[in-house]
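**Student:** A predicted structure for the sequence below; I have some questions about it.
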Amino acid sequence: MEQIIAIALTSLLLLIGFTAVMNFNRLFRQIRLNAGEDRRVLLLETQLTNDWRTSNEAWWDEQLTLKKAFSTITYQFEPEYIIRSYGAHVDTFRLSSRELNIGEVTGTKGLVRILSFQVPTTNEQYTIQLSKDYPQFKQWEARGYGD
């Protein structure tokens, strides 16, 4: 009788331990997936912010074009991903963008002053917002007065 009780208690402890390990693995897997999403959002935000700050001009024509002194970087905002092109180099951020707002200097050329959009993830919704101040003559050029 004592051996049967010992076997029953051992089985119960093994069942509890196995269930705890399975729950821990499931939780750890979910945390790892969320951390990967957060890392991709942080990478996009860091890259876009660096490109935005080092560019001389930002233009919108169905895609964001950032012009530097000797190069051009483009960002295409697709429903399920964002593509960054820099010369022959292409990066794809597997993130969807929502509520894309482009604040342009009014005119024919689409000079961008404000860019904001939301990136939804599993647990959170991130907002990326950038702004750029241009000299007065750039705003006049964008409105077509310098042509």
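**Tutor:** Received the coordinates, thanks.
**Student:** now stretch 27-38, how far from the centre of its chain.
**Tutor:** 16 Å (CA atoms, centre = their mean, to the nearest Å).
**Student:** which strand runs longest in this structure?
**Tutor:** strand 112-120 (DSSP state E).
**Student:** list the buried residues of that strand.
**Tutor:** Of the residues in strand 112-120, V112, R113, L115, F117, V119 count as buried by neighbour count, 16 or more other CB atoms under 10 Å. Heads up, the C-betas are built off the backbone N, CA and C, glycines and all.
**Student:** so what's the last one up against?
**Tutor:** The neighbours of V119, taking CB atoms under 8 Å, 6 or more residues apart in numbering as the test, are V41, L44, L95, S96, S97, R98, Q125, Y126, T127, I128.
**Student:** in strands, which of those residues fall?
**Tutor:** Using DSSP E, those in strands are R98, Q125, Y126, T127, I128.
**Student:** the first one against P120, yeah?
**Tutor:** When you say that, I think you mean R98. Yes. With contacts counted by CB atoms under 8 Å, R98 reaches P120, the gap being 6.0 Å.
**Student:** mind checking which of the ones in strands among the contacts of V119 are buried?
**Tutor:** For the ones in strands among the contacts of V119, a burial check counting by 16+ other CB under 10 Å picks out Y126, I128.
**Student:** list just the nearest of the ones in strands among the contacts of V119 to E2.
**Tutor:** Q125 (59.1 Å; CB to CB).
**Student:** quick one: the closest one from F77, how far?
**Tutor:** For Q125, the distance to F77 (CB to CB, to the nearest Å) stands at 16 Å.
**Student:** pull the most distant pair out of the buried residues of strand 112-120.
**Tutor:** Top of the distance list for the buried residues of strand 112-120 (CB to CB): R113 and V119, 20.9 Å.
**Student:** next, name the residue at the spatial heart of this protein.
**Tutor:** Nearest to the mean C-alpha position of the chain, by CA atoms, centre = their mean, lies V41 at 3.4 Å.
**Student:** check what pLDDT that one gets.
**Tutor:** On the pLDDT scale, V41 is placed at 87.
**Student:** isn't it right up against P120?
**Tutor:** No. In this structure, V41 is not within contact of P120 by CB under 8 Å, at 9.7 Å.
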